[in-house]
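>>> Need a 3D model of the sequence below.
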Amino acid sequence: MKTSIKTITAAIALTALMAGPAAAMVSKGDLTQDVLSAAGAGSNVFINVDNDVATLTGYFESATDKSSAIQAAKSNAGIERVIDLTTISN
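Okay, the predicted model is just below:
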């Protein structure tokens, strides 16, 4: 069986196109760890990821913790948008 270079090249290009760019891959575990680390011990935050959108729900102990956690979510590779549905528990 003879496989042409064009066939191999087309298969590689199709695989790369279907996989998308590496930066678009979001690891929910990494994102969750980043947000919870920034949130502080007194916070109770849940993160949902849908494609490139992260939604944060729950509460933070302070405005500083909230700001840090949202920034951590936004700076995570592959996240294009963060929806903040959290509150501050004062």
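>>> helices and strands of this protein: which one bottoms out on pLDDT?
helix 5-19 (a mean of 54; mean pLDDT, DSSP states H and E).
>>> Point out where the protein drops to low pLDDT.
1-26 (pLDDT under 70).
>>> Which parts of it are strands?
Here the chain has its strands, by DSSP state E, at 44-50, 53-60, 81-88.
>>> What pairs with the first one, parallel or antiparallel?
Under the criterion DSSP bridges, strand 44-50 sits next to strand 53-60 (antiparallel) in its sheet.
>>> Then the last one?
Sheet pairing here is set by DSSP bridges, and for strand 81-88 it gives strand 53-60 (parallel).
>>> hmm, who's touching the strand it pairs with?
Residues outside strand 53-60 that contact it (C-beta atoms under 8 Å, 6 or more residues apart in numbering) are 26, 31, 35, 39-40, 42-49, 66, 69-70, 73, 76, 79-89. Using the backbone N, CA and C atoms, a C-beta is placed for each residue, glycine as well.
>>> at 7 Å instead, please
Under the contact criterion C-beta atoms under 7 Å, 6 or more residues apart in numbering, strand 53-60 has outside partners 31, 35, 39, 43-48, 66, 69-70, 73, 79-89.
>>> Buried members of the residues you listed into PyMOL, please.
To isolate the buried members of the contacts of strand 53-60 in PyMOL, using 16 or more other C-beta atoms under 10 Å:
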select buried, resi 31+35+39+43+45+47+66+69+70+73+79+82+86
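>>> Buried by neighbour count: which residues of stretch 45-60 qualify?
V45, I47, V49, A54, T55, L56, Y59, F60.
>>> State the number of residues packed around the closest residue to the third one other than its chain neighbours.
So the one you mean is V49. Spatially, and ignoring its direct neighbours in sequence, V49 is nearest to K28 (4.9 Å; C-beta to C-beta, 6 or more residues apart in numbering). Residues within reach of K28, counting by other C-beta atoms under 10 Å, total 12.
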